[in-house]
Each structure stands twice: as C-alpha cells, then as structure tokens.
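S.K.: whatever this is, show me its structure:
(one chain, ligands or ions: 1)
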Amino acid sequence: MKLHNQLEMPIVGLGTFRSKPEEAYIAVKTAIDAGYRHIDTAAIYRNEEAVGKAVKDSKVKREDLFITTKVWNSDQGYEETLKAFEVSLDKLGLEYVDLYLIHWFKGYDKSLSTYKALETLYKQGKVKAIGVCNYNIHHLQHLIDHVEIKPMVNQVETHVFLQNHKLQEYCVNNGIQLEAYAPLFSHNIKETLENETLNLIAKKHNKSIPQIVIRWFIQREIVVIPKSVTPSRIIQNFDVFGFELDDEDMNKIRKLNAARKIFPEFDNVDF
Ligand SMILES: NC(=O)c1ccc[n+]([C@@H]2O[C@H](COP(=O)([O-])OP(=O)(O)OC[C@H]3O[C@@H](n4cnc5c(N)ncnc54)[C@H](OP(=O)(O)O)[C@@H]3O)[C@@H](O)[C@H]2O)c1
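M.R.: Next up, the predicted model:
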C-alpha cells in the first residue's frame, strides 16, 4: 500500500507480540525466506535485538524490507521519545526504521509532544514514515488539527468480530493507512478457527480459515500483521495471493461484525 508520503508498505507483515527473542529470530528468518518483507515489533515486545539480527542474517537487502517499531507508553514525551528511539535503533542494529509508531494514546498533551519527536525523527531521515496505534477518530482528528505532518498509519485491533468500517472510512478520507493488529483474534483465535461461516468459505476455496481472514483484509486494503512463531503457519499465512474472495464471501464475513474488542479501550489505558 502506498502511504501518503509515497512510501510503499507491504500489505502483509509478520507480527511479533509475545514472541520470545529466540522464537522471534526463527520466525523472522522463516518469514523473510517465505517472502514476507514487512516485520512488526515494538520496544515493549523485548525482541528488537532478535528481530534485527534475523534481518541482518537474511539475504534480503535492507531497502527491500519494511521494519516497524513503537515507542512505549512510559517513554512518551518529546525528549523521552527521541531517547527511546535511539535505544530501539541500537537494539535493532539498523540505520533507520521504516515506520515508527506511538504505541498507545496517553492523553492529548502526550500525544502531541510524542508525535513532535516522531516528526523530528522523520525530518532527520531516521524513520521513513510515522504514525500511531490505538487511536480512534477523535484522537486522530486532534492530532491532524495540531501537527505539521499527518500520521501515515493507524494500527488498531481489527478482526472479523470488530471490523472498524467507520474508522477505515475516516482514515481513507484523511490519507491514513489502517493497519490491523490481532487480525486472527489474538489469544482468542480458537473462536475464529471454530467459526462456521469462515469454515464454509475456507472449504469453498480449499484454504485455511486464517488464510481466508488475511485475504479478507487484503481485499479491504487494510495492512495486516498476523503473528506466528510456528514455521508452517508463517508460510501458510503468506500464501494468500493466489485466490480471491467473491462478493458473497465478503458480505458473509461482513455480517460477523460484532464490535467485540479484546484489547483495552483507547481513552483510558492504565499501563
Ligand atoms: N499496537 C498494538 O497495541 C498491538 C497490540 C497487539 C498486537 N499488535 C501487533 O499485531 C500482531 C498480531 O496480533 P496478535 O499477535 O495479538 O494476534 P493474531 O496475529 O491475531 O494471532 C496470533 C495467534 O494466532 C496463532 N496463529 C497464527 N497463524 C495461525 C494459523 N495459520 N493457524 C492457527 N493458528 C495461527 C498464533 O499461534 P503461534 O504463534 O503459536 O503459531 C497466535 O497464537 C502482534 O504480533 C503485534 O505485532 C499490536
């Protein structure tokens, strides 16, 4: 997907939340070998060193990869974020990151001071794109009203049970790329895997349910970052470019939308 500054962001990436360093190293290597060019990590995942080492050890050129990391809540604020970024960059062992995100909304003042640091890093060329996670329309609008460079990405919980159509419309209208985290319903993935509607669509296409869900995101033009530390699943989750869901499939999946959120509400996170 093309971001509003023309940077190309691969639509499918590998998530690494809850991936231990030794797992993350193998997962990232497997993913890059399987064709992934986009990896999502964060300071709080405590696996940036492993992710960076796997990137270094891969045969793919740095400029062909898209690496995201995020500033953690306790590091928000202008100076704090600049410092936290250097720590992340050092752990990753990289010269730059492709996308630097604010991990959670921590109030309007923090939002602006932290974002200002992201703008500074962007102007210095240390990050190729900047954005946020866990922002709703009112958080994004406040940011847009007060900053120089509009955020390029908003990464939020999105899955078949929480489809975020309104937020997507707002993002599209404002040139912000929506990115789905917990796309398979995260620790509740069992519910996705047992869903009868998805099961029927999967059988029809001779694909797995996770492949159907990932394909659904691609057709909605939402960037998606399924996480796995299991090599066969990592490979399977990227094998989603050779088939298409039809309108009937898309409409059936749309009916699963149920506003079911499993991560905290954005306005009052207490961590
Ligand atoms: N910005 C934020 O606040 C935020 C919050 C949460 C997540 N994220 C990002 O989004 C990424 C994805 O979200 P997530 O990790 O919470 O959840 P997810 O990707 O929805 O689900 C991950 C779970 O699905 C399993 N899985 C993956 N592919 C599978 C397959 N083909 N068949 C069966 N099971 C499969 C994984 O198991 P195994 O690993 O055991 O294979 C893991 O238990 C994270 O890793 C992280 O990078 C960001």
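S.K.: list the contacts of residue 38.
M.R.: 9-10, 12-14, 65-68, 223, 225 (Cβ atoms under 8 Å, 6 or more residues apart in numbering). C-betas here are computed from N, CA, C, even on glycine.
S.K.: as a check, name the ranges of all strands in the stretch 151-271 of the chain.
M.R.: Along the stretch 151-271 of the chain, the stretches classed as strands by DSSP state E, counting those that start in this stretch are 153-157, 177-181, 223-224.
S.K.: possible to save these as TSV with mean pLDDT?
M.R.: Shown next, in TSV, are the strands of the stretch 151-271 of the chain (pLDDT from 0 to 100):
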stretch	mean pLDDT
strand 153-157	98
strand 177-181	98
strand 223-224	99
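S.K.: so which of those strands is nearest residue 34?
M.R.: Smallest distance to residue 34 across the strands of the stretch 151-271 of the chain (Cβ to Cβ): 15.2 Å, for strand 223-224.
S.K.: need the residues of the stretch 51-200 of the chain near the ligand, please.
M.R.: 103, 133-134, 155, 181-186, 189 (Cβ under 6 Å from any ligand atom).
S.K.: which one of the residues you listed sits in the busiest neighbourhood?
M.R.: Of all those, the most densely surrounded is residue 183 (27 neighbours; neighbours counted as other Cβ atoms under 10 Å).
S.K.: tell me how many other residues surround the closest residue in space to it that isn't next to it in sequence.
M.R.: Nearest residue to residue 183, sequence neighbours excluded (Cβ to Cβ, 6 or more residues apart in numbering): residue 224, at 4.9 Å. For residue 224, the count of nearby residues is 26 (other Cβ under 10 Å).
S.K.: before we move on, what about residue 77?
M.R.: Neighbour tally, residue 77, other Cβ under 10 Å: 18.
S.K.: gap between it and residue 83?
M.R.: 10 Å (Cβ to Cβ, to the nearest Å).
S.K.: check residue 114 too.
M.R.: 12 Å.
S.K.: could I get the phi/psi values of the one residue in the stretch 1-150 of the chain that gets nearest to the ligand?
M.R.: Proximity of the stretch 1-150 of the chain to the ligand (Cβ to the nearest ligand atom) peaks at residue 15, 2.5 Å away. With angles defined as degrees, to the nearest 10, residue 15 sits at phi -80, psi 150.
S.K.: need the contact list for it.
M.R.: Here residue 15 is in contact with 40, 181, 225-228 (criterion: Cβ under 8 Å, 6+ apart).
S.K.: rerun that using 10 Å as the cut-off
M.R.: 27, 39-42, 45, 68, 180-184, 186, 224-228, 237 (Cβ atoms under 10 Å, 6 or more residues apart in numbering).
S.K.: so which of those residues belong to helices?
M.R.: 27, 237 (DSSP state H).
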